[in-house]
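Colleague: Here's my sequence, what's the structure:
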Amino acid sequence: MKPLISTLVQMFFIYRLFKFSGSKTIAAFCGILSMLNLADTLVNAAKALGVSTDTNAQNAHDWLIILTLVVAAIYDLASTIGLVYLLQRERRRTKVHQTHSIADRLTLWAIETGLATSMSAVLVIVFVGPF
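Modeller: Residues are numbered from 1 along each chain as shown. You can find the predicted model right below:
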């Protein structure tokens, strides 16, 4: 259930990013990453239910787990970078000081939350990965 809820949340943010930017390219890129993450997670869950003693199957499963984590980190970075870029673009378009202040606070919040999830995904890859 968690992968589906996570994907729905990501789709909500992708929709917001699309409405804010008007760019189908950014939304499509993030949407593809989100769907790939969902598919990888579901395949990982199915493989975990059918535990195999074959070492080749285990190595393939390890790389699928790493792929899932990498895709999640790339999605987090792409959505964060897209949001920060759009906020700064809107900030440059306006001359109202209050709007600058709001855009700066939103940018800082986007960086803090986006980088936190991206860095946690990278740390999981480093500490759990088969390297």
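Colleague: Once you drop chain neighbours, what's closest to Phe18?
Modeller: Excluding its sequence neighbours, the residue lying closest to Phe18 (CB to CB, 6 or more residues apart in numbering) is Ala27, at 3.8 Å. Every C-beta, even on glycine, is put in place using the N, C-alpha and C of the backbone.
Colleague: Would you agree the one you found is in contact with Phe13?
Modeller: No. Contact between Ala27 and Phe13 fails when scored by CB atoms under 8 Å: they sit 10.0 Å apart.
Colleague: The two: which has the busier surroundings?
Modeller: Neighbour comparison, Ala27 and Phe13: the larger count goes to Ala27, with 22 against 16 (by other CB atoms under 10 Å).
Colleague: which SS state does that one fall under?
Modeller: helix (DSSP: H, G, I helix; E, B strand; the rest coil).
Colleague: show me the contacts for it.
Modeller: 14-15, 17-18, 21 (CB atoms under 8 Å, 6 or more residues apart in numbering).
Colleague: Kindly indicate which of those lies nearest Trp63.
Modeller: Of all those, Ile14 has the smallest distance to Trp63: 26.4 Å, by CB to CB.
Colleague: Now find how far off-centre the lowest-mean-pLDDT helix or strand in the chain is within its chain.
Modeller: Sorting the helices and strands of the chain by mean pLDDT, DSSP states H and E puts helix 55-93 at the bottom, at a mean of 81. The chain centre lies 4 Å from the centre of helix 55-93; the measure is CA atoms, centre = their mean, to the nearest Å.
Colleague: try stretch 16-35
Modeller: On CA atoms, centre = their mean, the centre of stretch 16-35 falls 11 Å from the chain's centre.
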